[in-house]
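1. sequence and predicted structure are below.
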Amino acid sequence: DVKVTQSSRYLVKRTGEKVFLECVQDMDHENMFWYRQDPGLGLRLIYFSYDVKMKEKGDIPEGYSVSREKKERFSLILESASTNQTSMYLCASSFGGEGPLYNEQFFGPGTRLTVL
Amino acid sequence: RKEVEQDPGPFNVPEGATVAFNCTYSNSASQSFFWYRQDCRKEPKLLMSVYSSGNEDGRFTAQLNRASQYISLLIRDSKLSDSATYLCAVIQGDDKIIFGKGTRLHILP
C-alpha cells in the first residue's frame, strides 16, 4: 500500500513564525503536491513538484514556498505565518506519466495548522 | 460560472436506494476527470477515474457528458458505509487541477 505521511496532525503557531510542514511518501512517486482545504472553498493546489528540485506553482502559491531535495520528501514552508493560513494542509503523491496531474493522487492524513 | 461546481448536499438517502450526483465544469478543454471519496476527518481517496465511454465498478457508475460539461456518479444499492463526501476533480488542458467542494452523502438506516 502506498503510504504518505505528514510530520504533524495538529500544529499551532504564532503570527510571523516560520513553519515547516513535511511530507514523505514511500512509493518512489515522481510527483508530489501540497493542497489546503477550507470549508466552503474545497481543496486548492498550492504547489506541486514533478521531480527532485523541481517545483510548479498551483492556484494559491502566495505566502508559501516548497522544497524537494529528495524524491520521497516534499516540504511546504510558510515564511511568515499569518492567521489566514490557518487551514488543513494535505500532501499527495502520484506516479509519473504523461503529466503530473493525470494520475491517481494518494493523500496523506493532513496537518491541521492553526495560526494565532 | 465557477470552474467546477457540485451540489454540497447533504443528500440524505435511505439504505438500499440509488443516488446520483453531478459535477459541472466550465472549461470545455478539460481532459481528465476523477471522483474522490473523503470520509469525515480523513484524507481524500480515489474512487474512480471517469472515462469518455463511462465506467462501472461494482455499485458505482461514473459517466462523462462532454456536450453538457458534467460528470456524474451513480451509487446503486447504497450502504451505510457509503456515507462520505464525494469530490470531483477536473484536469484542465493547462495543467490545472480543480477540485469541487464536495457533495455530502448520508445513508440512513
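-> Cool, got the structure. It should be emphasised that the depicted structure is a prediction, and the values quoted were computed from it without experimental measurement.
2. who in chain A is up against chain B?
-> A:35, A:40-45, A:56, A:59, A:90, A:99-102, A:104-110 (CB under 8 Å from any CB of the partner chain). Bear in mind the C-beta positions are built from the backbone N, C-alpha and C, glycine included.
3. filter those residues to the buried ones?
-> The neighbour-count test (16 or more other CB atoms under 10 Å in any protein chain shown) applied to the residues of chain A next to chain B identifies A:35, A:42-45, A:56, A:90, A:100-102, A:105-108, A:110 as buried.
4. counting contacts, what elements does the helix or strand bottoming out on mean pLDDT in chain B pack onto?
-> The helix or strand of chain B with the poorest confidence is strand B:96-99; it has a mean of 86 (mean pLDDT, DSSP states H and E). The contact analysis (3 or more CB pairs under 8 Å, 6 or more residues apart in numbering or on different chains; DSSP states H and E) places strand B:96-99 against strand A:42-49, strand B:84-92.
5. now the residue nearest to the spatial centre of chain A, which residues is it bridged with?
-> The centroid of chain A falls nearest to A:Trp34 when counting by CA atoms, centre = their mean (2.4 Å). Counting by DSSP bridges, A:Trp34 forms beta bridges with A:Tyr47, A:Cys91.
6. do you know how far it is from B:Ser83?
-> To B:Ser83, A:Trp34 is 28 Å away according to CB to CB, to the nearest Å.
7. contacting residues for the residue located most distally from the centre of chain B?
-> In chain B, counting by CA atoms, centre = their mean, B:Pro109 sits farthest out from the average C-alpha position, at 22.4 Å. By CB atoms under 8 Å, 6 or more residues apart in numbering or on different chains, the residues touching B:Pro109 are B:Glu15, B:Leu80.
8. before I go, just wanted to say thanks for your time.
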